[in-house]
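1. output the structure for:
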Amino acid sequence: MSKSCLYGNQVLTKTALRQAQGERGFKEVPLRVFSNERQVKSRLPVPLPLRDGVAPSYLWLPEGTWPNLLAFLQTQFPQIDAATWVARMQQGEVVDGAGVRLNPDSPYRRGMRIFYYRTLADETPIPFEEHILYQDEHILVADKPHFLPVIPSGRFLHETLLVRLKKNTGLEHLTPIHRIDRETAGIVIFSHNPATRGAYQSLFQQRAVDKVYQALAAPLPDVAFPLTYRSRMVKGEPFFRMKEVPGEPNSETQIEVLEQRAEITRYQLRPITGKQHQLRVHLAALGIPILNDAFYPVALPCKADDVSQPLQLLAKTIAFQDPLTGQAQFFESDRELALP
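-> Numbers count the residues shown, from 1 in each chain. The predicted structure follows:
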């Protein structure tokens, strides 16, 4: 089955829809480096504590021959000079799995696990604040602003939702159990109890979570709502984009109109599946890209630190049956997408 739209009980192909309408870092860590949160899965001890909300990174030393640890680090991280690594070691910020401090001339041993703190120079502050909506002994629910990444990546470390929350709450085991894009605002759920994390992760794996988004985009004339849009999505080019291809659909979004003005419509979006950029791709494919989307339908030049035009996409509500208590849980973002 190819890309299609469903109106009530009627399925229309994308071609039929068009007939009816008339027709967008710097990474210090390599692939072998994992965050503190991933260690929880393997129950490995962490010999370095949180530092200003940042958990240590670690890597397993691969097969190879180097005269000492410093020589390996210079090869593995060519963008970091030797003086930086020496300074980190002198401050006790590079250790082995037992917490023993490592030195520049420490012997290189394949299979050894080393820990260190990742750093970024001149990280640009993101001038928007997150809010904690709910917290119990198992989960924390945050309301994320636009432009704030959920986890550290590339040129973002301290200016991420995870690190900000760790710094403000002191919850060492805090980790997101789902993600939303940096450009998207709204609800993100975190686990901070490793013993019960799997129960909440299973909710998302089993699609037992009702997620509702809102988006601002152009009107879609001559189309009956609600509609269901389905397509097959795969990785696109450049690497950060997704694209649609012919074939059996693997993504599905239910779309309704909440409010409409002359040139802008507020849509309610319910993703049945959870593909990367799914909502952005689907609305762009319908000819109504989300307002201020710099990735779809075409990737625009990087806006760098410009935060003047946020993507008009909001993870508005999330609901599920608590896997531990059986009680219904419902969380709603306090943020609103303002119609122009």
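2. only C-alpha atoms for contact and neighbour calcs from this point on.
-> Will do.
3. ok, what's across the strand from residue 176?
-> Bridge pairing for residue 176 (DSSP bridges) gives the partners residue 190.
4. what distance do you get for it to residue 221?
-> 38 Å (C-alpha to C-alpha, to the nearest Å).
5. neighbour count: those two, which is higher?
-> residue 176 (22 against 10; other C-alpha atoms under 10 Å).
6. contact partners for that one?
-> Contact analysis of residue 176 by C-alpha atoms under 8 Å, 6 or more residues apart in numbering lists 150, 162, 188, 189, 190, 191.
7. give me every residue that touches the fifth one.
-> Residues touching residue 190, when contacts are defined by C-alpha under 8 Å, 6+ apart, comprise 139, 140, 141, 142, 174, 175, 176, 177, 178.
8. need the contact list for the last one.
-> To tie it back to what came earlier, the one meant is residue 178. So residue 178 contacts 188, 189, 190, 201, 204 (C-alpha under 8 Å, 6+ apart).
9. roughly how far apart are the nearest residue to residue 158 once chain neighbours are set aside and residue 252?
-> Distance criterion C-alpha to C-alpha, 6 or more residues apart in numbering; nearest residue to residue 158, sequence neighbours excluded, is residue 164 at 6.6 Å. Residue 164 sits 33 Å away from residue 252, going by C-alpha to C-alpha.
10. among the two, which residue is more densely surrounded?
-> In this view residue 164 and residue 252 are compared by other C-alpha under 10 Å, and residue 252 has more residues nearby, 23 against 20.
11. for the more buried one, phi and psi?
-> Phi and psi for residue 252, reported as degrees, to the nearest 10, are phi -150, psi 130.
12. same question, residue 282
-> phi -60, psi -40.
13. excluding chain neighbours, what is closest to it?
-> In space, residue 282 is closest to residue 229, 7.1 Å off (C-alpha to C-alpha, 6+ apart).
14. tell me the first helix or strand C-terminal of the helix or strand containing the one you found.
-> In this structure, residue 229 sits in strand 227-235 according to DSSP states H and E. Sequence-wise, the next helix or strand downstream of strand 227-235 (DSSP H and E) is strand 242-245.
15. what mean pLDDT does that following strand have?
-> Across strand 242-245, pLDDT averages out at 97.
16. contacts for it next, please.
-> 231, 232, 233, 234, 235, 236, 276, 277, 281.
17. one step back: ok, which pair from the contacts of residue 176 is furthest apart?
-> Pairwise distances across the contacts of residue 176 (C-alpha to C-alpha) peak at 13.4 Å, for the pair 150 and 191.
18. and those two? Which one has more around it.
-> Shown here are residue 150 and residue 191; by other C-alpha under 10 Å, residue 191 has more neighbours (26 against 23).
19. count of neighbours near residue 129?
-> Residue 129: 12 neighbours (other C-alpha under 10 Å).
20. next up, phi/psi of it, please.
-> Residue torsions, per degrees, to the nearest 10, at residue 129 are phi -110, psi 140.
21. pLDDT below threshold where in the stretch 1-150 of the chain?
-> 1-44 (pLDDT under 70).
22. how about the helices in it?
-> Here the stretch 1-150 of the chain has its helices, by DSSP state H, counting those that start in this stretch, at 14-21, 36-42, 69-76, 82-90.
23. name the residues that touch stretch 262-272?
-> With C-alpha under 8 Å, 6+ apart, stretch 262-272 has contacts from 207, 210-219, 251-260, 278-279, 339-340.
24. which of those are buried?
-> 210-219, 251-257, 278-279 (16 or more other C-alpha atoms under 10 Å).
25. can you give me the strands in the stretch 201-340 of the chain?
-> 210-217, 227-235, 242-245, 251-260, 265-271, 313-321, 328-332 (DSSP state E, counting those that start in this stretch).
26. sheet partners, orientation included, of the third one?
-> Sheet pairing here is set by DSSP bridges, and for strand 242-245 it gives strand 227-235 (antiparallel).
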